[in-house]
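J.: Sequence first, predicted model second:
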Amino acid sequence: MTHIFVNVPTDDLERAKAFYTSLGASINPLFTDDNAACIVWDDNVFMMVLRRDYFATFTDKAIADPKTTAQVQIGLSRESREAVDQVVEAGLAKGGSEPRPAQDYGFMYSRDLDDPDGNSLAFIYMEPQAVEQGPDAFLAEQGQNA
């Protein structure tokens, strides 16, 4: 089994913990201290939110400022379009920002959310038939062009 651990920097660990728990994630206290918080999305997907100076101990590279530089966008699926909207609205209420309008491709619906540090998340719902058939086949079945 593979677990995914995504590390992101923060300037305010307590604010980051409050933000991510407002989105429905939980915190694993066994891997949380004054330097880092383990954000749990599900049994296999985790984010380590690390104080910027602590994050720097894991690499010799410069730590990008996520407010001005996009290096990665973390995409997380949701079970419905409504669930996408709910999680993004919760994030906006806790200080996040939505850098662009929702994207609706017919087979996939997504909304982007930047956390208060500028780390980019995308919340995505994909029609189950599109997952099974691929987007072109799904759209053709719906009478739409890919």
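T.: Cool, the structure landed. Numbers count the residues shown, from 1 in each chain.

J.: alpha carbons only for contacts and neighbour counts from here, please
T.: Will do.

J.: ok, and the helix or strand in this structure with the lowest average confidence?
T.: Ranked by mean pLDDT, DSSP states H and E, the helix or strand of the chain with the weakest confidence is helix 135-141, at a mean of 81.

J.: can you pull the pLDDT of Gln142?
T.: Note for Gln142: predicted pLDDT of 81.

J.: And for Tyr109?
T.: We have a pLDDT of 97 for Tyr109.

J.: ok, it - contacts?
T.: Arg81, Ala102, Gln103, Ile124, Tyr125, Met126 (CA atoms under 8 Å, 6 or more residues apart in numbering).

J.: nearest spatial neighbour of the third one, skipping sequence neighbours?
T.: Right, the one you point to is Gln103. Setting aside the residues directly before and after it, Gln103 is nearest to Ser110 in space (CA to CA, 6 or more residues apart in numbering), at 5.2 Å.

J.: neighbours of that neighbour, just the number please.
T.: For Ser110, the neighbour count with other CA atoms under 10 Å is 23.

J.: low pLDDT regions in this protein?
T.: Low-confidence segments of the chain (pLDDT under 70): 145-146.

J.: and it, what are its domains?
T.: Here the domain parsing of the chain from automatic domain parsing is 1-58, 72-146.

J.: closest one to Ala64 among those?
T.: Nearest to Ala64 among the domains of the chain is domain 1-58; the distance by CA to CA comes to 8.8 Å.
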